[in-house]
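S.K.: sequence and predicted model, in that order:
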Amino acid sequence: MRARAEVDVVVIGGGATGAGVLRDLAMRGLRATLVERGDFASGTSGRYHGLLHSGARYVESDPISARHCIEENAVLRRIAPGTIEPTGGYFVATPDDPDDYLERFPAACAAAGIDAEPMSLDALFRAEPLLNRRIRAAYRVPDAALEPWELVDANLASAREHGATAHRYRPVVGIERDAGGAITAVHTRDARSGEAETIGCRAVISAAGAWAGTVAALAGATLHMSPGKGSMLILNRRMTSAVVNRLAPPGDGDILVPVHTVCILGTTDITIEDPDDARVTRDEVEALLADGERLVPGLSGARVLRAYAGSRPLYDAAELDGLAHHDESREISRAHHVIDHGTRDGVHGLWSIVGGKLTTYRLMARDAVDAVARALEVTSPCRTADEVLPEPAERSPYWLGDRLAALESEGGGDADLICECELVTRRRLAVALDERDDSSLDDLRRTTRLGMGPCQGAFCIPRAAAMLDERRADGRLAPTAPDANAALRSFAAERFRGTRPIAWGDQLTELWLAAGTFRGTLAAESLPARSGAADADR
Amino acid sequence: MPTADVVVIGAGLAGLSCAAELAERGARVFLAAKGMASTHWTHGGLDVAAPDGAATPRAGVRALAARAGHPYATLDGDLEAAVLAHGGRLRAGGIGLVGSLDGSLVAIPTAIGALRPAGLLPDAQAAARDEWGHDGLLLVGIERYRDAWANYAARNLAAADWPGGPREVRAVTVRLDGLDRLRNLNARSLAHLFDDPAWRSRALRAIAAAIPPGTWRIGLPAVLGITTHRQVLADARAALGPGVLEIPSLPPSVPGMRLFDVLREAILGRGGRVQMGFDVVDVERHDRRIMAIHTEAASRTLRLAADRFVLATGGIGGEGIRAGADGHLQERVFGLAVSAPHRDAWFSDDPLVPHPLEAAGILTDGDLRPLDPSGAIALENVHVIGSALAGMHYLAERCGDGVALASAHRVAAALAAGRIAA
Amino acid sequence: MTFHDAATRDFPAFSTDACIKCNVCTTVCPVSRVTDAFPGPKYVGPQAQRFRGPSVHDRSPDRTVDLCSGCGICTRACPAGVLIAETNNRARAAIVDSRGTSLRNRLISDTDLLIRLGSNALAPFANLGLRNRVLRWLAEKVLGIHRRGPLAPFSRTTFRRWWRGQGRATTVPATPDPSRTVVYFHGCAVNGFEPDLGRDALAVLERNGFSVIVPPQVCCGLPFISNGLYDHARRKARRNLGSLAAFARAGYRIVGTSTSCTHALKAEYREMLDLADEDARAVADATWDICELLVDLHDRGELDIGFAPIAERLPYHPPCQLKSHGIGTPAMDLFALVPGLRAVDSDHDCCGAAGTYGLKKERWQIAQDVGAPLFATVRAAAAAGASRAACDSETCRWQIEQSSGVRTVHPVTILAESYRRADAAAEERWRRVV
């Protein structure tokens, strides 16, 4: 055991909620640190559909969530404009959607305070020519696209400005309590160096989402999460310029979100036991495509780049109340709950924040920090809705053409493209390498979009691995960094995992082109397990 | 439109070689291709056969021929003549082909510093095959060129298990004239620069100045010219020593572009026709015969009639075979049945190991005519060559080029000799 | 329209979905071969397309796509079927829509206007102007038209004026026979600069038993399309469709001597201008390049093959626009019917002119460098005895002629000459008999 840091609060989980909690704590003057088992925003926050909800999706099924969403929607547009693309959204009634829902929808939106403006079909099809011409009604709502990685980064940056710290690849291995059951410290182990660290603290906020049950168990509390697997498909182009939702109770394949260069078709919902078991099945892919056809006829013939899944942090309140178990995870409230494990389980100083959604992350953070602040007798109020987040979130709203326009005016060698599909330049990657001290190409992907385009890394993986190797050799990367060959292999494997469920048509051809390069020309399968540089270090 | 004896569809190694041989044998041949493909994507060497454990290409072929359903099971007899003819065509176009079916398979370095087995190589890559003795390997990177990774490759090769390999491996990165203002410099632009004698001599001088003392073979990115490659290679060897060797990297493949140009010239030079951008959109079929194909045009389709059609459109990689979202695999031009593993068994978990789906393809009779699922000949005047053939793991077995040449030769020779009854 | 319908030739940008990034297009681009300023077809095409909005009215992030000459070689080389050059053209239109374009580009695109101004009794003066170094220098400084840009001299009278002066048909004849009557789309080149080519085409068509109608028509609009001025092009297109559609629907074939104009009628009205109505379909289906029509006639055994020998070996350059027709090289098939004539396919990609591209001050050198290998081939052929070169597209002919110094003619001019020689020989024989 090495250093023993001392803070007021340890935050477990580096998704949007954890980052928001850390920021809120720090802004209220509490000493706080955050630990995340993997990369920041690599769990549910980084694996959602990219929608900033208006709340209209939940006006009937979950009015509390709906109200939360519309309120936070306005807050985020104010404090994090740079993470948002104000696409707007439509709710459309296809012939398969129920009449009664359509009839109740406007009133339900009004009740929730959501501005749902009826649209003529003419105007709808002019704006979105690819939509199903059999759509019979449409409402415009203030949905938008939201970039989760930048949002999390900005929250962490703000928290750091207020004196907090955040650590990734730092899984919690134990939570220490005193004789009275109160938490005194959190034990972590660096996933890359293996170094153990203990952080002394007065309180712990578990923002581990779908993994909150595991964290609670480490402290001796019980918490039954009911993770809902949500699978999504990434299409190679924007089918629509605004978000499109089905005017129906929440169901599979009911939403299309334009995000960056692509659009996301979502989302299935399947209750799973293990939140890490987020494999996309062929049945899910087929169901998504079939439902997507109802929105955009012919969509299943379009290029699908990838499939991925996230685990919703659903918390089965009914079950804990001793009520009947729900089979369908969608019926469980999406609204969030702050659980005080002191009153509930006798584990004093532990709070779990569960449920909720990315759109309401700030509200969730506020409620959790309110509870902890009360217990720690801190009276300063929450100011997270008042202060604008720092770069990159403070910049102007995202425009699809940003990267290309910037590149067209750049010059010189650093403007060379390493990832051609997503226009990631040598400069951008070098900056990311410097800032993040990363050695995982998948982590670099989150902040740069490396390898996220149609070729899924066929060209950029060896280029980026070579850059990583150069920095490794220069001593500019931490000594714990795995070597470039491992980075190359694991990123190739990671990209392949997402391609495999949708490997047909052009994307299968692409996979074969990549195989021809990696195995035929480069013989990557026969690379030494560790590069010479790594050997030299030992 | 001109009527042809044979229409060859596809412009990869198989289609080009088949059309060239048909033209050489006096047939009126028309090659129609949707676009360029495999030549421009691959390393430009000649992968005949290198399954695990094979010491020579011929031994590899023998091992593969023994596998049921492998194309070599019926084509191994065609290989020798095919490789000979191919070498002749390359020589005529200024590219030497070094090595033989009976030479050893030797480990040669790749652009990321892994090793791959090679038997037959173009002259420019062949120095990697020679005994290393006391020679070192100096990898040369070019500043601003993003697809040569000399340092990374050198570190990997230094750590690699490379029996009989070089004395040592080192890397230098050189700054070449006029590249500062270029963006996204690719292999083709560099090759064009090397084709320019004045630029070339400055570049070679700069590279020569960067060579440390000692005996070195110089590993350069595979960019030593396109139109004047032979001269570029000669100049490079004069300036940097006889051990200059090209190391191919990501597409576009300059060695492959040379191959394409040489074979295309071979066809045109014998009166054959080559048309790119001719995507087949319709076929005229009478019972089990194809009467004509129709290619896409600005308004009406273009009709190409012939006695025989050679399908050289490639496998999944060349888009000769396409998979639908439902997992159904179909051959694109004639709608032929594709033999493939069950969809649940298409892939391995690791992307860098062979996938069962790679062996998907079209089953044929001994004359390479396609079979329907019942085993009957599906089309009597169509012959399938190259990667569209079922039963090979072309990457793991490194046999794609050999199968392409052998199948092309089998069909061209038989058609020209009138040996296959219509 | 469904996504499936949209992902066809009519909507080039949708075809970019099929790009597998393989770089074949970057290996064939003649522009990126000669200039570092153009990042190449993959970059400005399918790659950049993912960063553009779906409509030409969306704000454009582009700059370098404007250097694409539109030759279309990338489209034909692409193994995945991506309509790269077509996508680029639309992206250029979006630039023009977002940020406007120069007076120069508007002027050189408006060939109807230029012909009105130049092809008249004052043509000799206009032509003096075109040859006057000072005026060309001034045009370069003021307008940005390169002083050595290939401009053909105006003809003293337009083809249309000549045709009307002959009292010839502009409407359906009294006894319509669509199988033996064709509509001639002369295009601006024949109308204002090369009326002799029009007369050669008439002679060849009439010799093969066709009656010819020349209905009212304006510029096909291609120069506007190439310069991203889609609204202007659409106005031209609508006028042409209005005049030609009735003929097309009645079964008449529309024949042109400019592979550029005929390609606009066949494809670009749909692919670029979104004119996908029945009129546009009918006209596209009815349009033929003249050599394509003659080869079709020959395939049916109906072409008069009484060609007199022309003992000559001449270089032939199939222009990019012809290649985009997807009909091969019909002129080569026709040349093969002329005894003694040995045409040699130049086997070069592009002459560089690309319509108005090679005229522009800032593009002229690129166009020259692109065409340099072709010019060298043509000059070598001339040195070996060829009196001229042949090429189906006018701006390419002018570029080759100006840059190689070798006279360059349309294939039909050679066929017409051969027929005339045959007539002369027959007359000679007749006279001797008499």
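M.R.: That came through, no problem.
S.K.: from here on, contacts and neighbour counts on C-alpha atoms
M.R.: Fine.
S.K.: in the chain, where is pLDDT below threshold?
M.R.: You didn't pick a chain, so chain A it is. Counting by pLDDT under 70, chain A contains low-confidence ranges at A:1-4, A:253, A:317-334, A:411-413, A:475-482, A:530-538.
S.K.: can you look at chain C instead?
M.R.: C:1-13.
S.K.: could you find the closest non-adjacent residue to C:Gly355?
M.R.: Nearest residue to C:Gly355, sequence neighbours excluded (Cα to Cα, 6 or more residues apart in numbering or on different chains): C:Thr395, at 5.6 Å.
S.K.: is it true that the one you found lies in a strand?
M.R.: No. Going by DSSP: H, G, I helix; E, B strand; the rest coil, the assignment for C:Thr395 is helix, not a strand.
S.K.: need the contact list for it.
M.R.: C:150, C:353-356 (Cα atoms under 8 Å, 6 or more residues apart in numbering or on different chains).
S.K.: for these, pick the one with the most neighbours.
M.R.: C:Ala353 (28 neighbours; other Cα atoms under 10 Å in any protein chain shown).
S.K.: please tell me how far A:Arg126 sits from A:Ser120.
M.R.: 10 Å (Cα to Cα, to the nearest Å).
S.K.: just the buried residues of stretch B:85-94, please?
M.R.: Using 16 or more other Cα atoms under 10 Å in any protein chain shown as the test for burial, stretch B:85-94 gives B:85-87, B:89-90, B:93-94.
S.K.: export the contacts of C:Thr395 to JSON lines and tack on distance to C:Cys320?
M.R.: Formatted as JSON lines, the contacts of C:Thr395 follow (distance: Cα to Cα, whole Å):
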{"residue": "C:Pro150", "distance to C:Cys320": "17"}
{"residue": "C:Ala353", "distance to C:Cys320": "10"}
{"residue": "C:Ala354", "distance to C:Cys320": "8"}
{"residue": "C:Gly355", "distance to C:Cys320": "10"}
{"residue": "C:Thr356", "distance to C:Cys320": "14"}
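S.K.: can you name the residues of the stretch 401-538 of chain A sitting close to chain C?
M.R.: A:401-405, A:408, A:420-421, A:454-455, A:506-507, A:509-510, A:513 (Cα under 8 Å from any Cα of the partner chain).
S.K.: now with 10 Å, please.
M.R.: A:401-409, A:417, A:420-423, A:453-455, A:458-459, A:505-511, A:513-514 (Cα under 10 Å from any Cα of the partner chain).
S.K.: quick check, pLDDT for B:Ala222.
M.R.: Per-residue confidence (pLDDT) for B:Ala222: 98.
S.K.: on that earlier part again, also within reach of chain C: list those from the buried residues of stretch B:85-94.
M.R.: Near chain C, by the rule Cα under 10 Å from any Cα, you find none of these.
S.K.: now, which of those sits nearest C:Ser243?
M.R.: B:Gly93 (52.7 Å; Cα to Cα).
S.K.: distance of that closest one relative to B:Arg25?
M.R.: Distance, B:Gly93 to B:Arg25, using Cα to Cα: 18 Å.
S.K.: helix or strand: which one has residue 156?
M.R.: No chain specified, so I'll use chain A. Assigned by DSSP states H and E, A:Leu156 belongs to helix A:148-161.
S.K.: what's that helix packed up against?
M.R.: Counting contacts by 3 or more Cα pairs under 10 Å, 6 or more residues apart in numbering or on different chains; DSSP states H and E, helix A:148-161 packs against helix A:16-27, strand A:32-35, strand A:84-85, strand A:165-167, helix A:441-448.
S.K.: biggest helix in chain C, by residue count?
M.R.: helix C:411-433 (DSSP state H).
S.K.: near chain B, anything from that helix?
M.R.: No. Helix C:411-433 is not in contact with chain B by Cα under 10 Å from any Cα; minimum separation 16.8 Å.
S.K.: with just CA atoms, put that helix into PDB.
M.R.: What follows is helix C:411-433, C-alpha atoms only, in PDB (Å, rounded to 0.1, in the frame of the first residue of the first chain):
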ATOM      1  CA  PRO C 411     -14.400  11.300 -86.100                       C
ATOM      2  CA  VAL C 412     -17.500  12.200 -88.200                       C
ATOM      3  CA  THR C 413     -15.500  14.700 -90.200                       C
ATOM      4  CA  ILE C 414     -13.200  11.800 -91.200                       C
ATOM      5  CA  LEU C 415     -16.200   9.600 -92.100                       C
ATOM      6  CA  ALA C 416     -17.800  12.400 -94.100                       C
ATOM      7  CA  GLU C 417     -14.500  12.900 -95.900                       C
ATOM      8  CA  SER C 418     -14.300   9.300 -96.800                       C
ATOM      9  CA  TYR C 419     -17.900   9.200 -98.100                       C
ATOM     10  CA  ARG C 420     -17.200  12.400-100.200                       C
ATOM     11  CA  ARG C 421     -14.100  10.700-101.600                       C
ATOM     12  CA  ALA C 422     -16.200   7.700-102.500                       C
ATOM     13  CA  ASP C 423     -18.700   9.900-104.200                       C
ATOM     14  CA  ALA C 424     -16.000  11.700-106.100                       C
ATOM     15  CA  ALA C 425     -14.500   8.400-107.200                       C
ATOM     16  CA  ALA C 426     -17.900   7.200-108.300                       C
ATOM     17  CA  GLU C 427     -18.500  10.400-110.200                       C
ATOM     18  CA  GLU C 428     -15.100  10.000-111.800                       C
ATOM     19  CA  ARG C 429     -15.900   6.500-112.800                       C
ATOM     20  CA  TRP C 430     -19.300   7.600-114.100                       C
ATOM     21  CA  ARG C 431     -17.700  10.400-116.100                       C
ATOM     22  CA  ARG C 432     -15.200   8.000-117.600                       C
ATOM     23  CA  VAL C 433     -18.000   5.600-118.500                       C
END
